[in-house]
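*Asks:* fold the following for me, if possible:
(2 chains)
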Number of protein chains: 2
Amino acid sequence: MENIQPTERTKVVRHRERGQYGRDTVNAILDEALICHVGYTLEGQPYVVPTTHARIGDRLYLHGAMANRMLRTMKTGIPVCVTVTLLDGLVLARSAMNHSMNYRSAFILGIAREVSEEKEKRAALDALVNHVVRGRAAEIRPPSPLELRTTIVLCLQIAEASAKVREGPPIDDEEDYALAFWAGVLPLTLVPGSPIEDPRLAAGAHVPENIAAYARPGWRR
Amino acid sequence: MENIQPTERTKVVRHRERGQYGRDTVNAILDEALICHVGYTLEGQPYVVPTTHARIGDRLYLHGAMANRMLRTMKTGIPVCVTVTLLDGLVLARSAMNHSMNYRSAFILGIAREVSEEKEKRAALDALVNHVVRGRAAEIRPPSPLELRTTIVLCLQIAEASAKVREGPPIDDEEDYALAFWAGVLPLTLVPGSPIEDPRLAAGAHVPENIAAYARPGWRR
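*Replies:* Model prediction:
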């Protein structure tokens, strides 16, 4: 598996054993996560904003309206950090300080560029819709020329990135294993409910299979 | 309901109608969310790191080991941003650009201070455990004096903060409502699985009720 070369900035230092640098690992986390948290700095103040993302190959795309401060700021070419986190469970130890969580997270550092070429912009917007529901971009009205013009799409190369993964039972101090406190993992899963149809649904519109049997890439259920 | 006075930095500009400034709203989002994403800037590069948090009144606490770069950096007294996001559903519209998500998010800006007083530090660490599982701090081994000394606890005042909430069906362009594409909301819920007991569980340790019937504050299920 191809590795992404860790840098001083992306090498996992704390809990080194959790660091993972395989491109497939980073990609799988990005693809499963519905949202990312984007960090940027404006006038010395960091901001962290949740948004959706989509990956095409080794490129990560973000988008938003022209009025979006985050995107307006980011398109000026400043360093950003995009972090995604999948929470898999609560790690419940015998001691307070060994409590933890099972998770898979990944982060990317870089400078985003604005996508201006129409073909790439349309591909990115399709990918953003398909990231949420696979195949959905082909089942809806695509962006109009006006919508395309008033939407900012940014691209971040997945070049400086790493993942951090924790799994398995708690790790307690050796002398604590004798304590009769319950310890273990409480798994957590993101579960889709029943689709709620729009009150103004047009006649003949049926729930498609990709929504009725909704799944994320990587789900084994 | 008491409001947190919005500043130029926390006022919701994009989708103004989603902005909420009630302290109870911000608190409820912080309390339900298991993790937050913390943003800080180091040598011009923003970093966004997932971690756990806990609230006591109008104070938010974070913690970690001395070796934790984020906490070592933050305790120098730099501006940070703490963002929490609860994902409630996918908003599936008839057009690509009206796709959205239902979510509740909150963010806090400020400068964190290191907690050095032992009583406050212990209360914060108890709160951090109880945030994950209510009542758990009383059912495990508390931090030892050594663990206390080697753990950094930071406190961020919930003073400059706001929430952003989207709920309800998609909002499509008027002319798109006639299109026979399925539209609506796919609810998403974080669901606890069956507790997995630690392979080295001591005899007589039983799953307590707060784990067997796990619930977050705010869950109505």
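
*Asks:* helices or strands up against the lengthiest strand in chain A?
*Replies:* Secondary structure of chain A read by DSSP state E shows that its longest strand is strand A:79-92. Packing partners of strand A:79-92 (3 or more Cβ pairs under 8 Å, 6 or more residues apart in numbering or on different chains; DSSP states H and E): helix A:23-32, strand A:35-42, strand A:100-111, strand A:184-192, strand B:35-42, strand B:45-52. Placement of C-beta: from N, CA and C, glycine included.

*Asks:* average pLDDT across it?
*Replies:* The average pLDDT within strand A:79-92 is 98.

*Asks:* what do you get for stretch A:19-26?
*Replies:* For stretch A:19-26, mean pLDDT is 95.

*Asks:* what's the weakest-modelled helix or strand in chain A?
*Replies:* One helix or strand of chain A scores below all others by mean pLDDT, DSSP states H and E: helix A:69-74, with a mean of 89.

*Asks:* for that one, buried residues please.
*Replies:* Within helix A:69-74, the residues scored as buried using 16 or more other Cβ atoms under 10 Å in any protein chain shown are A:70-71, A:73-74.

*Asks:* state the pair within these that is farthest apart.
*Replies:* Greatest spatial distance in the buried residues of helix A:69-74: A:L71 and A:T73, 7.3 Å, computed using Cβ to Cβ.

*Asks:* overlap in contacts, these two.
*Replies:* Taking Cβ atoms under 8 Å, 6 or more residues apart in numbering or on different chains as the contact criterion, no residue touches both A:L71 and A:T73.

*Asks:* pop out the phi and psi values for the closest residue to A:I171 other than its chain neighbours.
*Replies:* Leaving out its chain neighbours, the residue that sits closest to A:I171 by Cβ to Cβ, 6 or more residues apart in numbering or on different chains is A:N98, at 6.2 Å. Dihedral pair for A:N98: phi -100, psi 10, per degrees, to the nearest 10.

*Asks:* can you check which of the helices and strands packed on strand A:79-92 gets nearest to B:L179?
*Replies:* strand A:184-192 (23.5 Å).

*Asks:* what comes into contact with the helix or strand just after that closest one?
*Replies:* On the C-terminal side of strand A:184-192, the closest following helix or strand by DSSP states H and E is strand A:196-197. Strand A:196-197 is contacted from outside by A:205, A:207, B:89, B:169, B:182-187, using Cβ under 8 Å, 6+ apart.

*Asks:* ok, residues contacting the helix or strand following strand A:196-197?
*Replies:* Moving toward the C-terminus from strand A:196-197, the next helix or strand (DSSP H and E) is helix A:209-212. The contact list for helix A:209-212 (Cβ under 8 Å, 6+ apart) reads A:133-136, A:195, B:92, B:182, B:186.

*Asks:* got a list of what the closest residue in space to A:V165 that isn't next to it in sequence touches?
*Replies:* Sequence neighbours aside, A:R104 is the residue nearest to A:V165 in space, at 4.9 Å (criterion: Cβ to Cβ, 6+ apart). Listed by Cβ under 8 Å, 6+ apart, the contact set of A:R104 reads A:29, A:32, A:85-86, A:88, A:163-165.

*Asks:* picking up where we left off before, the residue nearest to A:I171 and A:P169 touch, don't they?
*Replies:* No: taking contacts as Cβ atoms under 8 Å, A:N98 lies outside contact range of A:P169: 10.5 Å.

*Asks:* which neighbours do those two have in common?
*Replies:* Here A:N98 and A:P169 have A:V91 as joint contacts, going by Cβ under 8 Å, 6+ apart.

*Asks:* helices and strands around the longest helix anywhere in chain A, which ones?
*Replies:* Scanning chain A for the helix with the most residues, using DSSP state H, yields helix A:118-132. With contacts defined as 3+ Cβ pairs under 8 Å, 6+ apart, the packing partners of helix A:118-132 are strand A:45-52, strand A:54-56, strand A:59-65, helix A:145-149, strand A:151-157.

*Asks:* tilt between it and strand B:100-111?
*Replies:* 90 degrees (axes from the mean of the first three to the mean of the last three Cα atoms, to 10 degrees).

*Asks:* send the alpha carbons of helix A:118-132 over as CSV?
*Replies:* The C-alpha trace of helix A:118-132 is given here as CSV (Å, rounded to 0.1, in the frame of the first residue of the first chain):
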residue,chain,number,x,y,z
GLU,A,118,-16.0,24.5,-15.6
LYS,A,119,-15.4,20.8,-16.3
GLU,A,120,-13.5,20.3,-13.0
LYS,A,121,-16.0,22.4,-11.1
ARG,A,122,-19.0,20.3,-12.4
ALA,A,123,-17.1,17.1,-11.6
ALA,A,124,-16.4,18.3,-8.1
LEU,A,125,-20.0,19.3,-7.5
ASP,A,126,-21.2,15.9,-8.8
ALA,A,127,-18.7,14.2,-6.5
LEU,A,128,-20.0,16.3,-3.5
VAL,A,129,-23.5,15.1,-4.1
ASN,A,130,-22.4,11.5,-4.8
HIS,A,131,-20.3,11.6,-1.6
VAL,A,132,-23.5,12.1,0.4
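
*Asks:* mind checking the pLDDT average for that helix?
*Replies:* Helix A:118-132 shows a mean pLDDT of 98 in the predicted model.

*Asks:* list the buried residues in it.
*Replies:* Here helix A:118-132 shows A:121-132 as buried, counting by 16+ other Cβ under 10 Å.

*Asks:* tell me the two of those residues that are most distant?
*Replies:* Within the buried residues of helix A:118-132, A:K121 and A:V132 form the most distant pair, 17.7 Å apart (Cβ to Cβ).

*Asks:* low pLDDT regions in chain A?
*Replies:* Scanning chain A for pLDDT under 70 picks out nothing.

*Asks:* kindly recompute the last result at 80.
*Replies:* A:1 (pLDDT under 80).
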